[in-house]
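Peer 1: what follows is a predicted structure for the sequence shown.
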Amino acid sequence: MARMSTPMPVEVSDHGSTSGTLPVSRPPSVDALARSISSTGLPHAICVDIARKAIADGDASSAASRADAFKRTLLMPVINATGVLLHTNLGRAPMGVQQTDRAMNVEFDLATGDRGSRQVAVGELFARLCGGEAAMVVNNNAAAVMLVLAALAYNRGVAVSRGESVEIGGAFRVPDVMEQSGATLVDVGTTNRTRLGDYSKAMARPGADIALTMKVHPSNFRIDGFVEDTSVAELSTLSVPVVADIGSGLIDSNCPWLGGPPPAWLADEPAARQSLEQGAALVTFSGDKLLGGPQAGIIVGRRDLVEACKQHPLARALRPGGLVLSALQSTALAYLDRSAATTIPFWRMVATPLGELQRRAVAMCSDAAIGEPEAMLALPGAGSAPGVSMPSFGLSLPGDYHAALRAQATPVIARVRDGHTFLDLRSVDPADDAIVIAALRTLG
């Protein structure tokens, strides 16, 4: 019987190659590779997953870049240089509220020692702020609208102008929300013209059971030309309550917290206080738009209607947590003590003089040795005051640096148009100018 030959042992040199053969390479251990990327600050378990996938793909050297890519999918601070002050993709209103690390009396009555309601304190502040009898808070404005309709118009009709039966961001459609709430949409008028008589006619139809009329702020578009709509004051003359969904969260059209006349770009924006004064039974709006607070939905108006919303089963499913309530409380107090123009970041951006923005732009171009100062137009954003803008100033760079700025340790989000990159300083906190300058220096 022939003897089987024994393979010759492979001799490995000091340089990791074999004598007379191709180099033999062994992948690193998963644990060793995971530890090598621990400086990213990611938890070890995630580093292990990343290392395992890199090794399985035969590309262990990519572990560090994979870890960085994963880290940049997490929430992190960015600098908004787009000039869109309330940028939906960047969290809308930036928050200047510091949270406590202690427990809070979210549902605890300090006077009696008994269980309390999370709606009392913040609700009373917003009722006072808006001039309503009562208020409550849910987790966003879509939730506020749905809760109002479910509590007050279930299996009944709600009259809405065809021109206000809209879709806004995130495929939020008024008819769909009504369907989910159990209310029935009753279209009145036409897309461009709806009169008070159209509502009266709908309510007078045989078998009509109209529980509410609803005035919806179009939010992210407007119709010009041959148009007519029905005001809250006119709707309030009908026999059913008016719900004004103003959306954007302007508290008072007079903007008393600014210490001067309201900005011209707010001229056509509906406000909570004025909507109630004109006869709305309830007003609903967002917390993270013109209000300048956290994501939330506020319902304010008649006490009996707010109470009906509080008692509805959906109220528990839609209620906010202590962090949101605390931030909203700080926001409301800033309006009540007239400090909103300096303590709420959105209103600080709005109130910054144009000359100050120009001075910063000139200084930043000089310090970074790149770009030119340029006049720009900033936008409120998030569907607030559609179609309007405010004068601003920033930097213009020839070329597309959008990706390079976004790749910085603190990402700088800019705009690109016609082969130029634009950084609008109205949406940039002055405290971040040094970070922006450092980022610009990397582009040279």
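Peer 2: Structure received. Small disclaimer: the values here were computed from a predicted structure and weren't measured.
Peer 1: could you chop the chain up by domain?
Peer 2: 30-71, 79-94+348-441, 120-339 (automatic domain parsing).
Peer 1: residue closest to the middle of this protein?
Peer 2: residue 92 (3.2 Å; CA atoms, centre = their mean).
Peer 1: ok but that residue is inside a strand, no?
Peer 2: No: using DSSP: H, G, I helix; E, B strand; the rest coil, the assignment for residue 92 is coil, not a strand.
Peer 1: now it, nearest residue through space, not along the chain?
Peer 2: Excluding the flanking residues, the one nearest residue 92 by CB to CB, 6 or more residues apart in numbering is residue 288, at 4.2 Å. (Glycine included, C-beta is placed from N, CA and C.)
Peer 1: now the one you found: which helix or strand?
Peer 2: Using DSSP states H and E, residue 288 falls within no helix or strand.
Peer 1: check which residues of stretch 290-304 are buried.
Peer 2: Counting neighbours by 16 or more other CB atoms under 10 Å, one finds that the buried residues in stretch 290-304 are 290-302.
Peer 1: where do the helices of the stretch 301-444 of the chain begin and end?
Peer 2: In the stretch 301-444 of the chain, the helices defined using DSSP state H, counting those that start in this stretch lie at 303-311, 314-317, 322-336, 340-343, 345-351, 354-368, 402-406, 433-441.
Peer 1: redo those as CSV? Include distance to residue 422 and mean pLDDT.
Peer 2: Converted to CSV, the helices of the stretch 301-444 of the chain look like this (distance: least, CB to CB, whole Å; pLDDT from 0 to 100):
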stretch, distance to residue 422, mean pLDDT
helix 303-311, 44, 98
helix 314-317, 43, 96
helix 322-336, 30, 95
helix 340-343, 26, 93
helix 345-351, 16, 94
helix 354-368, 11, 97
helix 402-406, 10, 96
helix 433-441, 13, 98
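Peer 1: out of the ones you listed, which gets nearest to residue 274?
Peer 2: Of all the helices of the stretch 301-444 of the chain, helix 322-336 sits nearest to residue 274, with 15.0 Å by CB to CB.
Peer 1: got the CA positions of the closest one in PDB?
Peer 2: What follows is helix 322-336 as a C-alpha-only set of coordinates in PDB (Å, rounded to 0.1, in the frame of the first residue of the first chain):
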ATOM      1  CA  GLY A 322     -42.000  64.900  32.100                       C
ATOM      2  CA  LEU A 323     -39.200  66.100  29.900                       C
ATOM      3  CA  VAL A 324     -41.600  67.700  27.400                       C
ATOM      4  CA  LEU A 325     -43.800  69.200  30.100                       C
ATOM      5  CA  SER A 326     -40.800  70.700  31.800                       C
ATOM      6  CA  ALA A 327     -39.500  72.200  28.600                       C
ATOM      7  CA  LEU A 328     -42.900  73.600  27.700                       C
ATOM      8  CA  GLN A 329     -43.300  75.100  31.200                       C
ATOM      9  CA  SER A 330     -40.000  76.900  30.800                       C
ATOM     10  CA  THR A 331     -41.100  78.100  27.300                       C
ATOM     11  CA  ALA A 332     -44.400  79.400  28.600                       C
ATOM     12  CA  LEU A 333     -42.800  81.200  31.500                       C
ATOM     13  CA  ALA A 334     -40.400  82.900  29.100                       C
ATOM     14  CA  TYR A 335     -43.400  84.400  27.300                       C
ATOM     15  CA  LEU A 336     -45.100  85.400  30.500                       C
END
